[in-house]
Structures are given as C-alpha cells and as structure tokens.
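A.B. asks: Sequence below, structure please.
(one chain, ligands or ions: 1)
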Amino acid sequence: MPEQHYSFFQSVTRSFDKAAKFTKWDPGILEQIKACNAVYQMRFPVKMNDGRIEVIEAYRVQHSQHKTPCKGGIRFSDEVNQDEVMALAALMTYKCAIVNVPFGGGKGGIKINPKNYAPYELEKITRRYTAELVKKNFIGPGIDVPAPDYGTGAREMAWIVDTYASLKPGEIDAAGCVTGKPVSQGGVRGRTEATGLGVFYGIREVCDMKDVMDKLGLSTGIAGKRVVVQGLGNVGYHSAKFFREAGAKVIAIAEYEGAIVNEEGINEEDLFQFRKSTGSIVGFPGSTALSKNSDALELECDILIPAALENVINGENAPRVKAKIIGEAANGPLTPEADDVFAQKGTLVVPDMYLNAGGVTVSYFEWLKNLSHVRYGRMEKRFTENMNNTLLGQVETMTGKTVGSKERAIIVHGPDEVDLVYSGLEETMITATREIMDLWKSNPDIPDMRTAAYVVAINKVGTSYAELGIFP
Ligand code: GLU
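C.D. replies: From the prediction side, this is the model:
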C-alpha cells in the first residue's frame, strides 16, 4: 500500500478527528480547538562573525488561548517550517490539558542548524528573535512563555530572559517570560532531566498495570525489561538513565551517525563521554554497530523509545518494528499509518502528548516559582526537619531503641526543591496515565491509547471553551 503523505499538522488533525468522534462537542467548538489561533512568521537580519548579513526565518505559533499564557518550546533546526511549528503548538495544547497544566499550546522555531554557528552568532539570533516577539506582544509571563526544545537549552533561555527583562524594565515577573532557564537565572532544579524522568514515570505506571502487561505477554515492572533508545540528546539520555537505574537493560542506542547494540546493557553516561571525545557513538567499547541507524528501531525488545524527531516510524518500517511497547519521548515520531499498523499488531503506543509532558510540567513549576519569587522548600525544609527530629526522638524515648544513622537521615530529611519537583512530576504522570487508561478501558471502541489521550484532552479543552463562552 503506497504511503499516503500527510504534513505533520495534518497528521495531528487526523488523530484529533479520529478521537473527536468519541466526544459530544459541538462541531464549532471542535473546529476552534483544532485551529491555530495565531501564527507569526518573521524574517530578520543578523550580522555574522565574518561580516556577512544573514536573513533568518523564524516562527512563533499560539495554538490556543483557552488558558493563558501559551506555552511551548523553541527549536533550532534546519527542518523548521510553519506546518511543523503549528503541529507542535497544537500538541502542546493537548499535552498541557492532559497533565492539568493551565496553559494553552504554543511553539517557536528558528530555521537554522545551530552547529553551523558560533556561540556569539547564536546569541545574536536568539536575542533578536526575542526582541521581535516583544515587539508583537508574543512573549511575556502572562502571554506566551517559551522553553527549550530540539536544538536549544538553558543557555538560549538565559539569553531570552535577559533580553526580555532589559526591554521591560521594572516588570517584576519578567523571569516568568521563559522556562528552562539555568537555576542561577530563575530556573528550577530538576527541569533539565524532567522530560526523560516523565517518560520513565509514565512507562513505569503502564508497566505496573497487570491487565495491560498480560495482554502484551509481559511481566509487570521495569526491572529486566529490554529497552532501545533512539536519540542521545537531553530526552533520550535522561530516559536511558532512569530506565537503567530502575533495573532495565538499555540494549541499543541510536544517533544520527549510527546505532550500537550491547545485550549486556549500555551505560548512557559512558557513551555520552565516549561520543564527546570521539565524535561518534560507533566504536563504543563492548558494543557492535548496526549498518544503519534506523535498524535500531527494528530490534527485538520490550520497550522502544524514539526520542529524536518526528515521523521516524511510518507505514513502511512499522511492520518490522518488534517492540511490545513504544514510548513516544519525541513529539510526533509515528505517522498515522504507523499507528494503524501498531493498533492491528497489538503493540502499545504510549503517546507523545502525554508521555513527554514532563518537560512542560516542570516548566509550570518553574513559572510558579518565578511568580512567587521564592525557591521551593525554602519555607518548610527546616520546619519539617525539626518536626521529624522531635517525632523520632519521642519514638526513640518511648521504645528505648535508636534508629540507625542512614534511616535517620531518610526519615528526618526536609524537602529540597528537587525533591518537590520530582514528587510533583511523579504525581502528575501517574494521574494522567490512570486517567487515559480508565477512559480507554471504559470505551472499548477507542482503538488506541493515543486516541484515548486525545479524547481526554478534547474534553478538557472543550469544557474550557464551553465554560468561557465565546467572546462576542
Ligand atoms: N519543548 C518541550 C515540549 O515539547 C517543553 C515545553 C515547555 O516546557 O514549555 O513539551
């Protein structure tokens, strides 16, 4: 069957329509939920280090304002185009709704390959982009709050907040104009690893559901599961780390220069260092290389984690994918044809717009921290420790026994910022997983988990629109 070509936004729309059939919303409301509210396409000149002037193409899309601010990352990639940014912005709306993060969806993109630019050139591009957003009122803690995405990180977010704050002197909540900042610039501890950790919490919850595992012919739990990760960027690296730490075996990792396999398990940190010094994952001690990096997607394994870019699994290669569970750490790694193949095969696809929501969830915590101007744990850490110490002392006096020093440290410990962030993320991912699975189980006609996730999202956004009414 020839592969039908859908643009990324059309794929998202197709998945939306598939799910909308299982809801009861007025067609007008559904139309409004689907549409991108505002698309800002811009061009601006930047002088490069060699004196040349380059005209940069960039975007910011605000998909929905049913809740404000809009929220979503900014990617730097050669592949950026309007359709892609629109699709990613739409996914952000649904993602935020599913994990109960009170934002509308947004996304930004700059069409550059960051590897081709010197740091000072990237800084100029980022600052100019921010200034363009300020000019059109497309950024601000109550308007639209960018974050890292493919090709960007804390460094770029620091440039954004600095540019914004200098253009808006005296704006007391300026730090909340962007998330994913370095901790020294108002960032929150735990944001860097948040997406990977969320992927792990989500899959762990699914793997703890006995009925779901029975259907797949798998035992419950993460320990011993064989995992393949595509992408060793921030999300892939941290997903691999948390799976390994929980006792899973990461048997293969793929990057754009190749893919490697080691049935004994791969340590992502050692591999990361190896790649840093040699420029490639290929040749990593103890591993064998596959002839094509895409071969990794087709390996025999329990869990496949595509953590790179969109459309990597399509109608052509999906029939050869042997994983029992596919955890979409990237945004849009499967095409609609791939979804159909997996629904038929009985492969469980855990969908992107909920599974990779850890990033935006912790961004929400960062934004709240910026608005409250106080670090998490600052008020209660000592209080809790003193209280726990007193309680433990009383128990020891009454029992005549003393607790060992290791246990004492655990019992007495008051929460640090990172403890609270992890705990908030864990709670968010567990709740979202159960909500989607319960809905899916209650309606056996829903073909897959992605459709169930969309139904949850559509119902939440639909409720918002219905309750808001439509402004005359
Ligand atoms: N870029 C990430 C995503 O696609 C994070 C967005 C955010 O933190 O706002 O979900």
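A.B. asks: which residues in the stretch 301-450 of the chain form strands?
C.D. replies: Secondary structure of the stretch 301-450 of the chain (DSSP state E, counting those that start in this stretch): strands located at 303-306, 325-327, 348-350.
A.B. asks: Pick the most buried one from those.
C.D. replies: Most buried of those, by mean neighbour count (mean count of other CB atoms under 10 Å): strand 303-306, with a mean of 28. Placement of C-beta: from N, CA and C, glycine included.
A.B. asks: Go ahead and confirm Asn49 touches Pro119.
C.D. replies: No: using CB atoms under 8 Å, Asn49 makes no contact with Pro119, being 10.1 Å away.
A.B. asks: Need the overlap of contacts for the two.
C.D. replies: Counting by CB atoms under 8 Å, 6 or more residues apart in numbering, Asn49 and Pro119 have no contacts in common.
A.B. asks: Make TSV from the strands of the stretch 301-450 of the chain and add mean pLDDT and distance to Asn293 to it.
C.D. replies: Output for the strands of the stretch 301-450 of the chain, formatted as TSV (pLDDT from 0 to 100; distance: least, CB to CB, whole Å):
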stretch	mean pLDDT	distance to Asn293
strand 303-306	98	12
strand 325-327	98	17
strand 348-350	98	21
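A.B. asks: Need the ones you listed in CSV (columns: distance to Ala338).
C.D. replies: Listed next are these as CSV, based on distance: least, CB to CB, whole Å:
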stretch, distance to Ala338
strand 303-306, 10
strand 325-327, 9
strand 348-350, 8
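A.B. asks: nearest to Gly104, of the ones you listed?
C.D. replies: Among the strands of the stretch 301-450 of the chain, the nearest to Gly104 by CB to CB is strand 348-350 (24.0 Å).
A.B. asks: Show me what the closest one is packed up against.
C.D. replies: For strand 348-350, the elements it packs on are helix 194-207, strand 325-327, helix 336-345, helix 449-468, judged by 3 or more CB pairs under 8 Å, 6 or more residues apart in numbering; DSSP states H and E.
A.B. asks: could you dump these to TSV with distance to the ligand?
C.D. replies: Below are those laid out as TSV (distance: least, CB to the nearest ligand atom, whole Å):
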stretch	distance to the ligand
helix 194-207	7
strand 325-327	15
helix 336-345	19
helix 449-468	14
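A.B. asks: how about JSON lines for those, with distance to Lys369 added?
C.D. replies: Listed next are the helices and strands packed on strand 348-350 as JSON lines, based on distance: least, CB to CB, whole Å:
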{"stretch": "helix 194-207", "distance to Lys369": "13"}
{"stretch": "strand 325-327", "distance to Lys369": "28"}
{"stretch": "helix 336-345", "distance to Lys369": "37"}
{"stretch": "helix 449-468", "distance to Lys369": "24"}
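A.B. asks: List the contacts of the residue nearest to Ala175 when sequence neighbours are not counted.
C.D. replies: Nearest residue to Ala175, sequence neighbours excluded (CB to CB, 6 or more residues apart in numbering): Gly186, at 3.7 Å. Taking CB under 8 Å, 6+ apart, we find Gly186 in contact with 161, 175-176, 366, 369-370.
A.B. asks: Please determine how far the closest residue to Thr288 other than its chain neighbours is located from the ligand.
C.D. replies: Nearest residue to Thr288 in three dimensions, chain neighbours excluded: Val261, at 5.4 Å (CB to CB, 6+ apart). Distance, Val261 to the ligand, using CB to the nearest ligand atom, to the nearest Å: 29 Å.
A.B. asks: Quick check: the farthest pair among the contacts of Gly186?
C.D. replies: That would be Val161 and Lys369, which, of the contacts of Gly186, are the farthest apart (CB to CB) at 13.3 Å.
A.B. asks: Between those two, which is the more surrounded one?
C.D. replies: Val161 (24 against 21; other CB atoms under 10 Å).
A.B. asks: For the closest residue to Pro306 other than its chain neighbours, give me its contacts.
C.D. replies: Distance criterion CB to CB, 6+ apart; nearest residue to Pro306, sequence neighbours excluded, is Pro333 at 3.8 Å. Neighbour list for Pro333: 230, 306, 308-313, 352 [criterion: CB under 8 Å, 6+ apart].
A.B. asks: Alpha carbons only: can I get stretch 324-343 in PDB?
C.D. replies: The C-alpha trace of stretch 324-343 is given here as PDB (Å, rounded to 0.1, in the frame of the first residue of the first chain):
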ATOM      1  CA  LYS A 324       5.900  -4.600  22.500                       C
ATOM      2  CA  ILE A 325       5.700  -1.000  23.900                       C
ATOM      3  CA  ILE A 326       6.600   2.200  22.100                       C
ATOM      4  CA  GLY A 327       7.100   5.200  24.300                       C
ATOM      5  CA  GLU A 328       7.000   8.400  22.300                       C
ATOM      6  CA  ALA A 329       9.500  10.600  24.000                       C
ATOM      7  CA  ALA A 330       9.800  12.800  20.900                       C
ATOM      8  CA  ASN A 331       7.000  14.800  19.500                       C
ATOM      9  CA  GLY A 332       5.300  13.000  16.600                       C
ATOM     10  CA  PRO A 333       7.700  10.100  16.000                       C
ATOM     11  CA  LEU A 334       5.000   8.000  14.500                       C
ATOM     12  CA  THR A 335       2.900   8.700  11.400                       C
ATOM     13  CA  PRO A 336      -0.900   7.900  11.300                       C
ATOM     14  CA  GLU A 337      -0.100   4.900   9.100                       C
ATOM     15  CA  ALA A 338       2.300   3.600  11.800                       C
ATOM     16  CA  ASP A 339      -0.400   4.000  14.400                       C
ATOM     17  CA  ASP A 340      -2.800   1.900  12.300                       C
ATOM     18  CA  VAL A 341      -0.100  -0.900  11.900                       C
ATOM     19  CA  PHE A 342       0.500  -1.000  15.600                       C
ATOM     20  CA  ALA A 343      -3.200  -1.000  16.600                       C
END
